[in-house]
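>>> I would like to see how this sequence folds:
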Amino acid sequence: MSAIHRTVRAVTRLPYPDYAAAIRRESQRFRDVLADCDPAAAVPSCPDWTASDLLWHLTTVQHWWWAVITNRPRSPKETGYEEPPRPEQYDALLAAYDDAHAAFVAALESADPADPAYSWSSDPADHTVGFTYRRQAHEALIHRLDAELTAGSVTPFDPVLAADGVDETLDVMYGALPEWGRFDPEQRYVEFRITDAGSSVWTQLGVFNGAAPDDGQVFVDEKDMHVVPDPGVPADAVITGTAPDLDAWLWHRRDDAGITATGDPAALEHVTEVLSNAID
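Residues are numbered from 1 along each chain as shown. Below is the predicted model of the structure:
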């Protein structure tokens, strides 16, 4: 049975200065938490990582995007990018993080968000500095949560940033469509309803087909879904929760307590399969 349709406003993207402020704020909280953490502590949300690994991960991510912005619009491959060597001591890891973060933020905030820049997204509209502003605000937010889970000191998400994160996660992280693949849509829709923001993100269900050129992996009718505007028809299923709960849940950083899912069981099973794919 289809869920009742109602008109709910779409998620509105944040101004770029707000993304920059989020990068600074979440990156600082990430650093503060890990500075007092046992370097060997396991990261519950990333079982293969220790606190040291998590610290180095965000260091290299921000260093990589510093190179992207600094050398725009050339890609890291075109510039011969090489990841810096990983320090052995934890104090040196923290210092490397501080240097990478400072350089990244300085490069980003000195660039116009409209400037052409490399992006791994297959959407040409994402090949701007603005993509990095948004993507790295959410990268820092989620890894801040990883750090807090490691230390056992979780603090709330900013609900405005988290609402944008629901859209970004579904659209960019789960919904990216590589150039070598094809999305075959079905006339089935799932609404992710963000209760505290009064907004929704709509997705259309379908299947993905294609052959990856790098490793030859072939995908045949793999369940997929993509963000779409409100289609103006009843949703086949509705997934409801607050922005912080949905954002963390979509990233596999929390359970589904407080999140409700109603509607067609087959549509919900489709969503579950899509969301079972890991994202880092």
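
>>> And the strands in the stretch 101-250 of the chain?
Secondary structure of the stretch 101-250 of the chain (DSSP state E, counting those that start in this stretch): strands located at 181-194, 199-211, 218-228, 237-241.

>>> Redo the ones you listed as JSON lines? Include distance to Trp66 and mean neighbour count.
All C-beta spots, glycine's among them, are computed from the backbone N, C-alpha and C. Below are the strands of the stretch 101-250 of the chain laid out as JSON lines (distance: least, Cβ to Cβ, whole Å; neighbours: other Cβ atoms under 10 Å):
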{"stretch": "strand 181-194", "distance to Trp66": "30", "mean neighbour count": "19"}
{"stretch": "strand 199-211", "distance to Trp66": "30", "mean neighbour count": "20"}
{"stretch": "strand 218-228", "distance to Trp66": "29", "mean neighbour count": "16"}
{"stretch": "strand 237-241", "distance to Trp66": "34", "mean neighbour count": "23"}
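
>>> Under the pLDDT cut-off, which ranges of the protein? List them.
Along the chain, the model assigns pLDDT under 70 to residues 1-8.

>>> mind listing the helices for it?
Using DSSP state H, the helices of the chain run over 16-35, 51-70, 76-79, 90-109, 129-151, 159-168, 243-250, 265-275.

>>> Just the buried positions in stretch 92-108, please.
Leu93, Leu94, Ala96, Tyr97, Ala100, His101, Ala103, Phe104, Val105, Ala107, Leu108 (16 or more other Cβ atoms under 10 Å).

>>> ditto for stretch 149-162
Applying 16+ other Cβ under 10 Å to stretch 149-162 flags Leu149, Thr150, Ala151, Phe157, Asp158, Pro159, Leu161, Ala162 as buried.

>>> Endpoints of it, how far apart?
17 Å (Cα to Cα, to the nearest Å).

>>> got the contact list for it?
Stretch 149-162 is contacted by residues 14, 18, 22, 29, 33-34, 36-37, 41-45, 51, 54, 137-138, 141, 145, 148, 165, 196-197, 242-244, 246-248, 253 when judged by Cβ atoms under 8 Å, 6 or more residues apart in numbering.

>>> run the last query once more with 6 Å
With Cβ atoms under 6 Å, 6 or more residues apart in numbering as the test, stretch 149-162 has contacts from 22, 33, 37, 41, 43-45, 51, 148, 196, 243-244, 247.

>>> can you check stretch 72-83 too?
If you take Cβ under 6 Å, 6+ apart as the criterion, stretch 72-83 is touched by Thr60, Ala67, Asn71, Asp115, Pro116, Ala117, Tyr118.

>>> middle-most residue in this protein, spatially?
Nearest to the mean C-alpha position of the chain, by Cα atoms, centre = their mean, lies Thr169 at 4.5 Å.

>>> Surely that residue and Trp249 touch.
No: taking contacts as Cβ atoms under 6 Å, Thr169 lies outside contact range of Trp249: 9.7 Å.

>>> For the nearest residue in space to Gly241 that is not next to it in sequence, give me its contacts.
Leaving aside its chain neighbours, Gly241 sits nearest to Ile259 (4.0 Å; criterion: Cβ to Cβ, 6 or more residues apart in numbering). Residues in contact with Ile259, defined by Cβ under 6 Å, 6+ apart, are Gly241, Asp245, Trp249.
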